[in-house]
Each structure stands twice: as structure tokens, then as C-alpha cells.
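Asker: below are the sequence and a predicted model for it; my questions follow.
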Amino acid sequence: MRATAKATFIRIAPRKVQIVLDLIRNKPVEEAMAILKFTPKAACEPLQKLLKSAMANAEMKDMNLSDCYVAECRVDQGPTLKRIRPRAQGRAFRINKKTSHINLVLEEKE
């Protein structure tokens with residue numbers, strides 16, 4: 001059985017999220033939660049919420065959480081917010097604020 005959770009339009013760059021996702025891929029749920037709790041990265045907070053949501057979805061499907069692991073986790077780039085930063089002599093520099101779409105899949109071990 002599979003339990004999924006999806007978070008869209010998260011205001012953090014996808015490459016920063018990918019670093020943390022590589023840490024929790026194919027790990028048991030309890031170990032993944034501990035990794036997210038003690039890793040000092042900005043992406044850990046939304047990923048913790050997403051993992052809790054996936055765990056709640058697994059409980060609703062009557063899956064045993066002690067046998068669950070992070071089977072699949074993927075991040076895709078969402079729309080970019082384009083902002084302007086004023087610079088000297090009337091120029092303007094563009095600032096791109098990137099967003100992420102994150103998918104998380106939990107599976108039970110056989």
C-alpha cells in the first residue's frame with residue numbers, strides 16, 4: 001500500500017529542498033522524522049509537516065507506521081515570483097523568488 005502527500009507553492013528554492021530529500025529517501029518514517037528534526041536547513045520545516053501529513057494518510061489507510069518508509073520523494077520547480085531591486089543610477093535588478101512542489105510517498109515493507 002502507498003500513502004502520498006503533496007505540498008505545492010512552497011516558497012523555497014527546489015535545489016535547497018533536494019539536499020534534504022536526499023537525506024530521508026528510503027529511510028524508515030521514525031528515522032526520517034528525526035533527521036528532519038535535527039538538520040539545520042530551512043527546507044526541514046515544510047518537509048516535517050509534509051511527512052506528518054503522509055503519516056496521517058497512512059494511518060487512514062490502516063497501514064502500520066512502524067513498517068513504513070519513505071519510498072519516493074520528489075521536488076519540482078513551481079512558478080517563479082519576479083521582484084525588482086532598485087540599484088544605483090536608476091537601474092533595477094531582478095530578483096527571482098523560486099517556489100517548489102514537493103511529493104512524498106510512503107510504502108509498507110513486505
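Answerer: Arrived safely, thanks for sending. As the structure is a computational prediction, the values presented were derived from the model and not from experiment. Numbering: from 1, shown residues only.

Asker: please, where are all the helices along the chain?
Answerer: Residue ranges of the helices in the chain, as given by DSSP state H, are 14-24, 29-38, 44-60.

Asker: redo those as a markdown table? Include mean neighbour count and distance to Thr80.
Answerer: Where you see a C-beta, it was placed from the backbone N, CA and C, and this is true even at glycine. As requested, the helices of the chain are exported to a markdown table (neighbours: other Cβ atoms under 10 Å; distance: least, Cβ to Cβ, whole Å):
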| stretch | mean neighbour count | distance to Thr80 |
| --- | --- | --- |
| helix 14-24 | 17 | 11 |
| helix 29-38 | 16 | 26 |
| helix 44-60 | 17 | 18 |
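
Asker: distance-wise, check the residue lying farthest from the centre of the chain relative to Arg83.
Answerer: Distance from the C-alpha centroid of the chain, by Cα atoms, centre = their mean, peaks at Gln89 (40.5 Å). Distance, Gln89 to Arg83, by Cβ to Cβ, to the nearest Å: 20 Å.

Asker: sorry, back to before: so for Tyr69, which of the helices of the chain sits nearest?
Answerer: With Cβ to Cβ as the measure, helix 29-38 is the member of those nearest Tyr69 (6.5 Å).

Asker: residue contacts, the spatially most central residue of the chain?
Answerer: Centroid-nearest residue in the chain: Leu47, 4.0 Å away (criterion: Cα atoms, centre = their mean). Taking Cβ atoms under 8 Å, 6 or more residues apart in numbering, we find Leu47 in contact with Val17, Val20, Leu21, Ile24, Leu36, Ile102, Leu104.
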